[in-house]
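Peer 1: Structure of the sequence below:
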Amino acid sequence: MRRFFALLGRPTTYSRWLHLLIPAAVASVWLFISPSKPWMPFIFAIPVGLLPVMRLGEGVQAQLLLTPEQRRRPDAAISVGPATTWADRWRTVVWLEVRLVLAAVVCFATVWLPGTAVDLVRGAFGTHPSDVWLARDVGPGWWCALLAPMPILMLLGLVIACGEAATAAARGLLGPSPAERMTALEERTEQLLERNRIARELHDSIGHALTVAVVQAGAARTAGNPEFTARALAAIEETGRNALDDLERVLRVLRESDVPVGARPTLVEADRLLESARGSGVKLEVEMTGPLELVPGPVSREGYRILQESLTNVLRHAGAVPVRVRILVVEERLELEVANPLAGSRRGTGGGSGLRGMRERAALLGGKARTGPHEGEWRVHASLPLDGIR
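Peer 2: Okay, the predicted model is just below:
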């Protein structure tokens, strides 16, 4: 009983009532014209439901009146769009038939049950119930006052039940088809992948710039050498400019959907990362073998970010230590390795977001990235295939 009265307090109950009365109002026009053929609206609903645009109109109505709380959600149970297949068209026909049946029931109850309640109230005052309403066989008397609320309660219960039935039918018949669900799932997956990629871009580029700036600023503060301080400030400025360029690239992808991913930096621009690390006091041993300019764009871009995150982690956890960098293009693979002494490193063996991001970048390209201690060093080794990505 408590749930019943709670449902009566919901605006959705009355919007569903209105939704069920709309087809009844349309059908009553036909009944006025030809009362001897009340079944004609059900026949007429078949060719009307086969019109592709009818599914759009019914979906809009159902969302607004049956499930108004979900109409702005991308995963709404009732789709809004024209029918694209014959299966959708026939589902729309079935929906129209179900809606007409429920509308007939609710329309009958809306007219006759309140009239019967009024007739019973009159009966309580000694007036014999009219033959027009449903209480025609009830004699006048005080007991009519006890019966008078019953038709109203029956009406409200019927409205709630038919509203729930109409909503369930709409979700089943006007809901997205399996093809539409698959398309929506693919779009959602693409959005999540894009958001994940952008998050990695921001983490790698901005994280690298902030780490270099912090290391340079700390070294300049403790050095007490004006010449070294000037070099550190110049390095911070250059790193900040590069970070702003990277940030602008990412923001352009967010603002403009047609911005090419080719605007992101590649391994051909690895020198700026290496110079930034050298400016922070890192002693670099660099080995580059093979034509980096011929590495496919996706591989080169992800390799750049893996190198960037690796150098950032060296500065963040080990400081100005010797670092060995190897970038090799051999046997249709890009091999990238960054290693630094493990002694004195404050790095744990857990999987932070940066390390996880490197492994994810490699996995998306069909490669592998291994991170962790190896023979007294902290080593990052990524192996990315070049075939099939051009």
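Peer 1: Got the phi and psi for residue 329?
Peer 2: Note on residue 329: its backbone torsions stand at phi -110, psi 100 [degrees, to the nearest 10].
Peer 1: With adjacent residues omitted, what lies nearest to it?
Peer 2: residue 290 (2.7 Å; C-beta to C-beta, 6 or more residues apart in numbering). Glycine gets a C-beta too; all of them are placed from N, C-alpha and C.
Peer 1: before we move on, what about residue 123?
Peer 2: Residue 123's closest residue in space is residue 144 (C-beta to C-beta, 6+ apart), at 3.6 Å.
Peer 1: hmm, back to that, and the residue nearest to residue 329, how many neighbours does it have?
Peer 2: 16 (other C-beta atoms under 10 Å).
Peer 1: isn't it right up against residue 331?
Peer 2: No - Residue 290 is beyond contact range of residue 331, at 9.8 Å (criterion: C-beta atoms under 8 Å).
Peer 1: tell me the contacts of the residue nearest to residue 329?
Peer 2: Shown in contact with residue 290 (C-beta atoms under 8 Å, 6 or more residues apart in numbering): 328, 329, 330.
Peer 1: hmm, which of these are the buried ones?
Peer 2: 328, 329 (16 or more other C-beta atoms under 10 Å).
Peer 1: Mind listing what's buried along stretch 115-134?
Peer 2: So stretch 115-134, judged by 16+ other C-beta under 10 Å, has buried residues 115, 116, 117, 119, 120, 122, 123, 124, 129, 133, 134.
Peer 1: Distance of the nearest residue to residue 275 once chain neighbours are set aside relative to residue 329?
Peer 2: Residue nearest to residue 275 in three dimensions, not counting chain neighbours: residue 238, with 7.9 Å by C-beta to C-beta, 6+ apart. From residue 238 across to residue 329, the span is 27 Å (C-beta to C-beta, to the nearest Å).
Peer 1: again, but for residue 382
Peer 2: Distance from residue 382 to residue 329, by C-beta to C-beta: 13 Å.
Peer 1: Give me the common contacts of these two.
Peer 2: Joint contacts of residue 382 and residue 329 (C-beta under 8 Å, 6+ apart) are residue 335.
Peer 1: dump the residue contacts of residue 58.
Peer 2: 92, 95, 96, 99, 170, 174.
Peer 1: and what of residue 386?
Peer 2: Shown in contact with residue 386 (C-beta under 8 Å, 6+ apart): 295, 296, 299, 329, 332, 333, 334.
Peer 1: With residue 334 instead?
Peer 2: Residue 334 sits next to 267, 295, 299, 300, 303, 327, 328, 382, 383, 384, 386 when contact means C-beta under 8 Å, 6+ apart.
Peer 1: now residue 17
Peer 2: 106, 110, 159, 163.
Peer 1: at 6 Å what do you get?
Peer 2: By C-beta atoms under 6 Å, 6 or more residues apart in numbering, the contact list for residue 17 reads residue 159.
Peer 1: Residue 365 too?
Peer 2: Residue 365 makes contact with residue 384 under the criterion C-beta under 6 Å, 6+ apart.
Peer 1: Distance check, it against residue 385.
Peer 2: 7 Å.
Peer 1: Residue 57 now?
Peer 2: 51 Å.
Peer 1: since we're on residue 288, how many residues are nearby?
Peer 2: By other C-beta under 10 Å, 14 other residues sit near residue 288.
Peer 1: Pull the distance from the helix or strand hosting it to the chain's centre.
Peer 2: Using DSSP states H and E, residue 288 sits within strand 283-289. Centroid separation for strand 283-289 versus its chain: 43 Å, with C-alpha atoms, centre = their mean, to the nearest Å.
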